[in-house]
Structures are given as C-alpha cells and as structure tokens.
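**Student:** below is the structure, and that's it, no one-letter string:
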C-alpha cells in the first residue's frame, strides 16, 4: 500500500523555473540589442555591457555581505542590466550607466530582500534615479542617430552621426518621423526602445512560450492607442491624435512587453493584469499629452507597481468557504 502524503500547495509542478525564464528573456532582448548596434554603433553595445557587469557585480557583492547564497546565475541581474541600458540614451556616459545599474540592484531589488520581494521594477527605479540625478545627460532633446540618410539627409551627408530630437520630443507643429522609421528603429531614442520590430519579435516569442501574459501588452498598448486617438492633444485637438505614432514611439513597446510583465511587481490574476495595463496606458498618455515630460512609460509602470498589492487584493479569486 502506498503512503498517502498531504503537502502544501502548489501541487502542480511546472517545467519553467526562475533561471530558465530569465535567460529566455535575455535571449528575447537580443534582437533589440542588435538593432541598437546597427543604428547607434559600438558605444551602445559598450553601455549594455557596462550595465550588465555592474548589475551582476552589485548583486554578488550585496549577497556576499548579507551572507546569502549567490544567485547571479539565475539571470535576473543580467535582465536588469540589459533593461537598464535599454532605457538610456546611446551616448550616455559610463558613469550614468554604472550608477543607474547600481541603484537598480542595490535599492530597487536587494534593499527589499532580493528577487521576489521588490515592489518596483528595478531597472525603472534606476532609470528614475538617473533622470533626476543626471537630467541634462538623459534628456529627450538631442540624441544621436548613426548614419542617418532619410529625413535630414541633405545636411548630414558624409558624417558618422547627427543629433536630433527624440520621437516624443519633436516639435509636432513642424513635422514628425514616419511611422515606418519608428517601426524599424531608424529614429533617435533610448538604446533598446527605438525598434518596435525588434521588440515585437522578442515579445511574441515570450508570449508563445507563455512567459508573458498577452493581456498585459494588449491592454497597455491598446489603451494608449485608443486614448491618443480620441483625446485632445496639445497640437491636434479632439480625435486628431496619431495613435500609431504613439505606440511605436518612445518606450511603450519595451515597457509593455518586458517591464510591465515583470512577474514580481505586477498582478497575478487575469483581471488584475488588464487593470494594470489600462492604468499604465492612461498614465502614459496623460503624462505624454499633458505633463511636463515627453515620455510617461517609466513613471506609469512604477506607479502601477505601487498599486499592484491593492489590485491583487480585490481581483483575487474567493477562497472556497471563506466569507467576505
């Protein structure tokens, strides 16, 4: 007769673990890194390397000081380092990348107890810090574009790079970048956010592998699309927005597929995920349209991260037999 065992949940075991998930995300982020190398050059790849090395080293040192087992091989610090670099301008200094990555791991992650305990996305914590500490170096005004040959080719032929306003910092009354260039990535912007095509390739793979819940990017991007179409913008009035421009410009694709989908800092229920995505979409649009900062993805996700425990509380399934 076999012994009957009664154990605590979970009773269903999955083949996925933290290590496999994190390294899969690393692979999914590679297309955006390749696009960054093509459009911005070797210094963008160098900054990615600096951020990854700093993130891994910071996590290892803190875990040693806390006398905890080293977990840098699970890939979570590598993901944080890559994302930290991806939300920085390609001409950011080594100092900015190093400080941002250190803050992301030390304050955004390890200060709360490590992976699984942090309440905000670590990379966005680092980005928010450098935005305040090095505002002039990470502004959205004049960023480089390597080998630009389309919109402003007449005055830049023969040079290696030019500086142009990012897609969300342009003067909308004088023209914008084309949606095709936004989709491919041939526009100024942060290292890993300009090529919507590259981000969609990795994001689609994560959805097919069931690492990313499709509800999050759909609700987030869909909300931004709808609101930027119907709301009165400062330039076009009611129903005169450019929804395709806004979903491909800036960090929306990167945020929707790789940051708003963080397993630790976002809701766990299907209904909660949709609420999070809609909330982030509303905040992103409001900041972009009516705020003093051209981009709203970073702060929108951080604010919704803060609301995640409340969302989980009111969207979780009722425990069988429990009373309200």
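**Tutor:** Good, I have the coordinates. In this text the structure is predicted, and so the values were computed from the model without any measurement.
**Student:** contacts and neighbour counts: CA atoms only from here.
**Tutor:** Fine.
**Student:** residue contacts, the spatially most central residue of the chain?
**Tutor:** For the chain, residue 255 is the residue whose C-alpha lies nearest the centre (C-alpha atoms, centre = their mean; 3.2 Å). Each residue near residue 255 by C-alpha atoms under 8 Å, 6 or more residues apart in numbering is listed here: 297-298, 301.
**Student:** how about the contacts made by residue 259?
**Tutor:** 121, 301.
**Student:** what do you get for the one 10 residues further on?
**Tutor:** Contacts for residue 269 were tallied using C-alpha under 8 Å, 6+ apart; they are 312, 315-316.
**Student:** which among those count as buried?
**Tutor:** Among those, those classed as buried by 16 or more other C-alpha atoms under 10 Å are 312, 315.
**Student:** quick one: mark the members of the contacts of residue 269 that sit in strands.
**Tutor:** Using DSSP state E, no member of the contacts of residue 269 sits in strands.
**Student:** want to throw the contacts of residue 269 into TSV with pLDDT and distance to residue 51?
**Tutor:** Formatted as TSV, the contacts of residue 269 follow (pLDDT from 0 to 100; distance: C-alpha to C-alpha, whole Å):
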residue	pLDDT	distance to residue 51
312	91	32
315	88	36
316	79	36
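**Student:** any idea how far residue 292 lies from residue 223?
**Tutor:** Distance from residue 292 to residue 223, counting by C-alpha to C-alpha, to the nearest Å: 21 Å.
**Student:** try residue 197
**Tutor:** Counting by C-alpha to C-alpha, the gap from residue 197 to residue 223 is 20 Å.
**Student:** pick out whichever of these two has more residues nearby.
**Tutor:** Neighbours per residue, other C-alpha atoms under 10 Å: of residue 197 and residue 223, the larger number sits with residue 223, 23 against 18.
**Student:** now that one: how far from residue 102?
**Tutor:** Taking C-alpha to C-alpha, one finds residue 223 at 33 Å from residue 102.
**Student:** check residue 306 too.
**Tutor:** As judged by C-alpha to C-alpha, residue 306 and residue 102 stand 21 Å apart.
**Student:** which of the two has more residues huddled nearby?
**Tutor:** residue 102 (24 against 14).
**Student:** need the pLDDT of the more buried one.
**Tutor:** On the pLDDT scale, residue 102 is placed at 96.
**Student:** contacts only, for it.
**Tutor:** 54-55, 58, 126.
**Student:** backbone torsions only: list them for it.
**Tutor:** Backbone torsions for residue 102, taken as degrees, to the nearest 10, come to phi -60, psi -50.
**Student:** coming back round to it: out of the contacts of residue 255, who's nearest residue 85?
**Tutor:** For the contacts of residue 255, the residue nearest residue 85 by C-alpha to C-alpha is residue 298; the value is 13.6 Å.
**Student:** burial count for that closest one?
**Tutor:** Residue 298: 22 neighbours (other C-alpha under 10 Å).
**Student:** residue contacts, it?
**Tutor:** Per C-alpha under 8 Å, 6+ apart, neighbours of residue 298: 124, 127-128, 255.
**Student:** so which of those sit within helices?
**Tutor:** Among these, the ones falling in helices (DSSP state H) are 124, 127-128.
**Student:** sorry, back to before: which two in the contacts of residue 102 are spaced the farthest apart?
**Tutor:** 58 and 126 (13.0 Å).
**Student:** buried residues in the helix or strand containing residue 283?
**Tutor:** Residue 283 belongs to helix 270-290 when assigned by DSSP states H and E. Using 16+ other C-alpha under 10 Å as the test for burial, helix 270-290 gives 270, 272-289.
**Student:** ok, back up a step: so which of the contacts of residue 102 wins on neighbours?
**Tutor:** Most surrounded of the contacts of residue 102: other C-alpha under 10 Å gives residue 55, at 31 neighbours.
**Student:** ok, and what's touching stretch 214-232?
**Tutor:** Identification of contacts with stretch 214-232 by C-alpha under 8 Å, 6+ apart yields 207, 237-244, 246-247, 252-253, 256-257, 260-261, 270, 273-274, 276-282, 284-285.
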